[in-house]
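Q: Sequence plus the predicted model coming up.
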Amino acid sequence: MQSWLKSVASERKRREVREPRVALGALGNLVDNNGNHIPVVVENVSKNGFLVQSDCTLSKDCQYELVFINDDSVTVRVRWVQGKFAGGTIQTEPRNLQ
């Protein structure tokens, strides 16, 4: 029980200092340097980061173009992968946002 309480306190502190997230649930594609499209659901974004879910295996430390269904796009770098989820940093300012 003690370790669980420490874990909860640690998570609360982490959430206080991280950037706010905006839940999206938007469909999109990660496009690699070879032009391969990987379908994803963009679960959330923050000022500098993102979380996606995909049935395909994503590679850690790879750069992709994240393209939304309305053709908005940003360049991203995957920093971690856990199962069907991956997260990382946004490398460029959004293009074509309406």
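A: That came in fine, so what should we check first?
Q: Which parts of the chain are strands?
A: Taking DSSP state E as the test, the strands found in the chain are 22-31, 37-45, 49-53, 63-68, 73-82, 85-90.
Q: in the second one, what's buried?
A: Judged by neighbour count using 16 or more other Cβ atoms under 10 Å, the buried positions of strand 37-45 are 38, 40-45. Quick note: C-beta positions are derived from backbone N, CA and C, even for glycine.
Q: For residue 44, give its distance to residue 60.
A: Residue 44 sits 19 Å away from residue 60, going by Cβ to Cβ, to the nearest Å.
Q: could I get the strands of the chain as JSON lines with mean pLDDT?
A: Converted to JSON lines, the strands of the chain look like this (pLDDT from 0 to 100):
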{"stretch": "strand 22-31", "mean pLDDT": "91"}
{"stretch": "strand 37-45", "mean pLDDT": "95"}
{"stretch": "strand 49-53", "mean pLDDT": "95"}
{"stretch": "strand 63-68", "mean pLDDT": "94"}
{"stretch": "strand 73-82", "mean pLDDT": "95"}
{"stretch": "strand 85-90", "mean pLDDT": "95"}
